[in-house]
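Visitor: Sequence and predicted model, in that order:
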Amino acid sequence: MLRSIMRSSLILAAALLAACGGKSAPATIETTQFNPVLGVDLSKSTKLPSGMYIRDLAAGTGAALANGQVVKVHYVGALPNGTIFDSNGASDDPYSFKLGAGVVIAGWDQGLVGAAVGATRQLIIPPSLGYGSLDLGVIPPDSILVFSVAIVSAQ
């Protein structure tokens, strides 16, 4: 009897896997193993309704960011395994964009609102608020993204 149940379970699992094109379900932020170098600690982070997590790594002393402001930042973007895929360091000109205008990925537009100028905020972004199923080479499809964003100024 037990052998029959196990065989039925294996057949069902194989059918479900085939129905999904052989792909397993994408990882979630909660089930992902993050490289310790990234300093991800979900227990110290705030989960937004969209499913992303935010955490201020350094407090800012300036005004809170709001949609519509032109924001200047330095950042490092990494995959959960610690691979850095993009950065704009302190020796570079700050990256400038209009917050909430859809110029950057949705995870930035959502995750930076309310951060204070001078703060460094960690954003842990699910694929739906990042690059989704796009294959960008260094960023595989359905990737969770980890950003450390230092807010330089906002106008």
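Guide: Cool, the structure landed.
Visitor: ranges for the helices of the protein?
Guide: In the chain, the segments counted as helices under DSSP state H are 2-19, 106-111.
Visitor: Just give me the lowest mean pLDDT stretch among these.
Guide: Of all the helices of the chain, mean pLDDT reaches its minimum on helix 2-19 (a mean of 38).
Visitor: remind me which residues of this structure are low pLDDT?
Guide: 1-26 (pLDDT under 70).
Visitor: center of it - which residue?
Guide: The residue lying closest to the centre of the chain (Cα atoms, centre = their mean) is residue 125, at 1.8 Å.
Visitor: Which parts of this protein are strands?
Guide: For the chain, applying DSSP state E gives strands covering 46-47, 53-58, 70-78, 84-88, 95-98, 120-125, 145-154.
Visitor: Can you tell me which of those strands is packed in deepest?
Guide: With neighbours defined as mean count of other Cβ atoms under 10 Å, the strands of the chain peak in mean count at strand 120-125, which reaches a mean of 24. Any C-beta I mention is one placed from the backbone N, CA and C, and that applies to glycine too.
Visitor: and the residue nearest to the centre of the chain, what is it in contact with?
Guide: Residue 125 is in contact with 52, 105, 107, 108, 111, 144, 145, 146, 147, counting by Cβ atoms under 8 Å, 6 or more residues apart in numbering.
Visitor: tell me which of these is nearest to residue 92?
Guide: Nearest to residue 92 among these: residue 147, at 15.3 Å, using Cβ to Cβ.
Visitor: quick revisit: could the contacts of residue 125 be laid out in CSV, adding distance to residue 96?
Guide: Output for the contacts of residue 125, formatted as CSV (distance: Cβ to Cβ, whole Å):
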residue, distance to residue 96
52, 22
105, 16
107, 18
108, 13
111, 17
144, 26
145, 20
146, 22
147, 16
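Visitor: For stretch 78-94, report the contacting residues that lie outside it.
Guide: Applying Cβ under 8 Å, 6+ apart, the contact partners of stretch 78-94 are 32-35, 37-38, 40, 72-77, 95, 138-140, 143-147, 150, 152-153.
Visitor: That stretch spans what distance, first to last residue?
Guide: End-to-end span of stretch 78-94 (Cα to Cα, to the nearest Å): 18 Å.
Visitor: Likewise for stretch 113-131?
Guide: End-to-end distance of stretch 113-131 (Cα to Cα): 20 Å.
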